[in-house]
Every structure is written in structure tokens, then in C-alpha cells.
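Participant: Generate a structure from the sequence data that follows.
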Amino acid sequence: MAVAPDGRRIIVIEGDPRIRREVAAILERGPYTVVGFADAREAASTLRLREHDAVIASLEWPAPANAAAIRSLKRQAGRSPVMLLTSANRIDAAIRALRHGADDYMIRPPDPVELKTRLRRILDRRELNSKLAFFQDELARRAVSKKIEAHSPAMKTLVNRFLRVAPSRSTVLITGESGVGKELVARSIHFNSPRRDRSFVALNCAAMPVSLIESELFGHEKGSFTGAHTRVRGKFEIAHRGTLFLDEIGEMDPGTQAKLLRVLDHNEFMRVGGHQSIRVDVRLIAATNADLERMVDQGSFRQDLYYRLKVVRLRVPALRERRPDIPYLIDVFLDELAGSNAVQRKSISAEAMTALTDHAWPGNVRELKNLLESLLVTIESDEIGVEDLPRSVRGSRAEVDATELTAGTTLEQMERALIRRTLEHTGGNRTHSAALLGIGVRTLQRKMQAYDIRIKPTRRRRRKRDAT
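Facilitator: Got it, this is the predicted structure:
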């Protein structure tokens, strides 16, 4: 059959051959290209190709369709609108079908003029929604681009690497401390890949019980466990032809690790409680702030999965390693946070900017953003001054400057005094102190033991599990 000039391809599913021919004849004068099928099962392989612009289906194909059948058809239709044809005595069923995803309905056999008018309306609506989605994605890309803008050598290296990796299908493992922006890097890879117009789906493996993570990833069938009242699609199905981002991959239990490895190797899986394999095309990006190599040695993370994940490995530098980026991040966050909180944007004094740039930021970008939001909504002045900053931030540089450099003072004495003052400044917090000193926590602990420094934390801080 010749393709219509405007290229619109319509799938018609109708069990009555006479009505199917009538609908095809009406639309081909439209003009559209029409492909007809007697039932949804017969149309399934064509629907999977996603080369259609709309689906017109009878509610009687050949038996009355229920809600599950409507939802299944809508899933198969993808982003294309679905119009239903129904008998005059089944209008109530058609109205219910609208709640399950159908876009419109008509009485069969349809009036030619009304059919073309309503088909054009749902196609125009789809085009409008597509344009809206494009502009929303473009805004998201620009927002991500601003936050990932590189001015430091460390970030320039990272950006150059992920821009080379983005066009490929390779699995990526992103590492780095908590709060450095690993998900932001993952989104940047997605937005710069051929999958940019498809879904980016994120799942934090540490944010849910082990018992639920398999269902979240692969979905489940109705009745597969207590509370499974309906069939649910998992993240892999939702991310089909797009990108799936798994944060805190080190928190995944061994059983789910094995199933994830199978998906990576064979591009297929089964829902929980299911018996049918589902094929998917998904690019996987994983992230962790844990030492996966050590976890492999300890037997808590599968070695074969680790090697499968780290086809490409990207390390996101800590904020203290990319200080030239801090003023630009502050500028971006002030714009964003002022808008989201409906408050006036504030400027920052030069002294405050210096203090913010010099701070070690053990919580990285997340800590910086949270502090700026707090300052925006609590400071009355139009300018954030150094006096508005927390003592831990404005004192970062002062702690070093305050150490007396007198003739005859040995390096050991200087180091001992600096470590003691830094610990006193942080209330005995080892992690924060080590970050301020630019050394590892273990190195700090060894030096404390060598210099017999016994400063206990003034309070126990509640440990939080941070999302990337």
C-alpha cells in the first residue's frame, strides 16, 4: 500500500471486516496510510515497531475488551494516541476506558467527517504534547548543562570523558563521594546520547528495602506476592530504549545482582511471579560512593557484575578538588533556588565568596546547595555577607592563618597544633577535620595517635544515607 503524502500511519484493529474496510476507506481519503488487523494479538508485532502515529481499535475485538486489555493496548501503542470504537449500548464502557488511557471514542460504524475531525484532534494533541515535552527536556538539558559547566581542570577532564562516552551504548560506572553530583553526570550522559528523547529513569538502591528492589527493577505480576493486586511494570520496562540509572549499586543484594547481570548479558528478564521473558533495550548507568573492589574482595559484591558495570568508569571529583567551579555553581544555585522558593535573589559579598570557595565542603555540592537555600530564605539583607555564614564555613581558612609561625617552631609542633585546632573547630568530627586538613580520615587518626591528641566528638551526629 502506498504511503500517504503526510506520512501519517494509522493502525486499525476491528474484528468486523466490513467496518474495518469502511474505516480504512474513510481514512485513506484523508489521506492516511492504514494497516488493518482483526484483533490486538494479530497487531502486536506491528505495534512493537512503533512506526504508527495512532491506533483505532474496537472495544469488541472480537470479544468485549476489559480494563486490562485497554491498558495493554495503550502500552503497546507507546506515545501514540488510541481511539476506541464502541457500540451504542457500550458507551459506559468506552467512558471507563478513557480512565485507563484511551484518548477518545466513537460509536461504530463511525461518521466519516467526525472520524477524520476527531482523529486530527488527537493527532494535533499528541504533536502539541511532543513539543511541550521537547521544550521541557530542553530546559532540563540547559539546567543540567549549567550545573556541569567546567572551569576547573578536574571537571574539564570529566566532561571531556563523558562527552566521548555518551554516544555509545556502553555501561558506565560513576564513582565519587556522596553529594558530588553523580546523578547529574548520568543525566548529562543521557542528554548527550542518541537516547536523549527517551526516558531517563532513576532508582536509588539504598532507598528501599531489599525485599522490594527486585519488584522495582523488574516489575511484578498480579498475585505474585501479598499486596500485588495488579500487574506493575518495573524500571527496566519503563526505561525501554532509554537510560536506567541505578544509584548506590553497592547496596543491591546478591540475588538481585545475579538477575541484573542476566539482563546486562541477555537484554531480557521476567517480572516477579511471571513466566514470560521480556526483551528490553536499556543503557545502564550505575553509581556508588562505596569501594566496589573491596566489596568484591570481601565477597559482598559479585565480581562478574563489577566487571560488567565498569566498562567505562568515571570518577566525579569532590568539590574541594574543583574550587574554580564553586563561584559558578553558587551563581546557578542562587538563580534556581530563588525561583523555586519564590524569594528575591541575593548577591554575595567578595569576602563571603572567598570563604565559600575556601571551604572544604565535606558534603560536596549537596552541602553547598543546602547552605545557599538556607541563606536565601533566612537572611533579610539583599547581600549575603561573611558574617551570615556558619562558623564552620567562615572559619575554614582562618584556622590555618591563626597558627603562629615563630622562629624555632618545629614542623611537628606546627602540625600537632594545627590538627588540635582543627579538631576543636569541628567539635571533634574526624571526617570534617580530615577534609579541612586535606588528608584522609585514617591518616588523621594515625597522626592523632602519634601526637597523643585525645579530642572526643562533642556530640554524636546522626548518620544519614544520602542520595546522589
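Participant: Let me know the average pLDDT across the helix or strand hosting R421.
Facilitator: Per DSSP states H and E, R421 falls inside helix 411-425. Taken as a whole, helix 411-425 has a mean pLDDT of 81.
Participant: Could you do stretch 296-309 as well?
Facilitator: The model assigns stretch 296-309 a mean pLDDT of 96.
Participant: so where's the chain shaky on pLDDT?
Facilitator: 1-7, 50, 61-66, 130-147, 395-410, 459-468 (pLDDT under 70).
Participant: now T443: how far from L184?
Facilitator: 30 Å (Cβ to Cβ, to the nearest Å). For glycine as for every other residue, the C-beta is placed from the backbone atoms N, C-alpha and C.
Participant: still on that earlier bit, next helix or strand past the helix holding R421?
Facilitator: Next element after helix 411-425 (DSSP H and E): helix 430-437.
Participant: Identify each buried residue in that following helix, please.
Facilitator: Buried positions in helix 430-437, judged by neighbour count with 16 or more other Cβ atoms under 10 Å: R430, H432, S433, A434, A435, L436, L437.
Participant: Check the offset of that helix from the chain's centre.
Facilitator: When C-alpha coordinates are averaged (Cα atoms, centre = their mean, to the nearest Å), helix 430-437 and its chain have centres 31 Å apart.
Participant: Can you name the element that comes right after that helix?
Facilitator: helix 441-450.
Participant: which residues are in contact with that next one?
Facilitator: E415, I419, L423, R430, T431, S433, A434, L437, I439, I453, R454, I455 (Cβ atoms under 8 Å, 6 or more residues apart in numbering).
Participant: Mind putting the residues you listed into TSV with distance to R196?
Facilitator: Formatted as TSV, the contacts of helix 441-450 follow (distance: Cβ to Cβ, whole Å):
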residue	distance to R196
E415	51
I419	49
L423	48
R430	43
T431	38
S433	43
A434	40
L437	42
I439	41
I453	53
R454	55
I455	51
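Participant: what's the distance between the closest residue in space to A166 that isn't next to it in sequence and Y307?
Facilitator: Spatial nearest neighbour of A166, excluding adjacent residues (Cβ to Cβ, 6 or more residues apart in numbering): N192 at 3.9 Å. To Y307, N192 is 25 Å away according to Cβ to Cβ.
Participant: ok, now M155?
Facilitator: 27 Å.
Participant: More neighbours: the two, which one.
Facilitator: M155 (20 against 11; other Cβ atoms under 10 Å).
Participant: which residues does the more buried one contact?
Facilitator: Contacts of M155 by Cβ under 8 Å, 6+ apart are I148, P317, R322, D325.
Participant: Can you tell me the element the second one falls in?
Facilitator: Here P317 is covered by no helix or strand, with elements defined by DSSP H and E.
Participant: Who are the contact partners of it?
Facilitator: P317 touches S152, A154, M155, L158, G176, V180, counting by Cβ under 8 Å, 6+ apart.
Participant: which of those residues has the most neighbours?
Facilitator: V180 leads those on contacts (other Cβ under 10 Å) with 26 neighbours.
Participant: So which residues of the stretch 51-200 of the chain form helices?
Facilitator: 67-77, 91-99, 112-147, 153-165, 182-191 (DSSP state H, counting those that start in this stretch).
Participant: so D103 touches I122, yeah?
Facilitator: Yes: with contact defined as Cβ atoms under 8 Å, D103 reaches I122; the gap is 4.9 Å.
Participant: hmm, back to that, what is the orientation angle of the helix holding R421 with helix 441-450?
Facilitator: Per axes from the mean of the first three to the mean of the last three Cα atoms, to 10 degrees, the angle that helix 411-425 makes with helix 441-450 is 110 degrees.
Participant: In the contacts of M155, find the pair that's most separated.
Facilitator: Checked with Cβ to Cβ, these reach their widest spread between I148 and P317, with 12.1 Å between them.
Participant: Break this structure into its domains for me.
Facilitator: The chain breaks down by the TED database into domains covering 8-127, 167-317, 320-393, 400-467.
Participant: one step back: can you pull the contacts of the residue nearest to A166?
Facilitator: N192 touches F162, L163, A166, P167, counting by Cβ under 8 Å, 6+ apart.
Participant: Can you tell me which of those residues lies closest to V23?
Facilitator: Once Cβ to Cβ is applied, the member of those that ends up nearest V23 is P167, at 42.1 Å.
Participant: what sits against the closest one?
Facilitator: Applying Cβ under 8 Å, 6+ apart to P167 gives the contacts N192, S193, P194.
Participant: quick one: what helix or strand has the residue nearest the centre of the chain in it?
Facilitator: Centrality entry for the chain: nearest residue to the mean C-alpha point is A202, 3.5 Å, by Cα atoms, centre = their mean. If you go by DSSP H and E, A202 is part of strand 200-204.
Participant: Compute the inter-axis angle for the following helix or strand past that strand and strand 200-204.
Facilitator: Next helix or strand after strand 200-204 toward the C-terminus (DSSP H and E): helix 210-218. Orientation check (the same axes, to 10 degrees): helix 210-218 against strand 200-204 gives 170 degrees.
Participant: The helix or strand following helix 210-218 packs against which elements?
Facilitator: Sequence-wise, the next helix or strand downstream of helix 210-218 (DSSP H and E) is helix 235-238. Secondary-structure packing of helix 235-238 (3 or more Cβ pairs under 8 Å, 6 or more residues apart in numbering; DSSP states H and E): strand 200-204, helix 210-218.
Participant: List just the one of these that sits closest to A355.
Facilitator: The nearest among the helices and strands packed on helix 235-238, by Cβ to Cβ, is strand 200-204 at 32.3 Å.
Participant: So which elements touch the closest one?
Facilitator: If you count contacts as 3+ Cβ pairs under 8 Å, 6+ apart, strand 200-204 packs onto helix 182-191, helix 235-238, strand 243-247.
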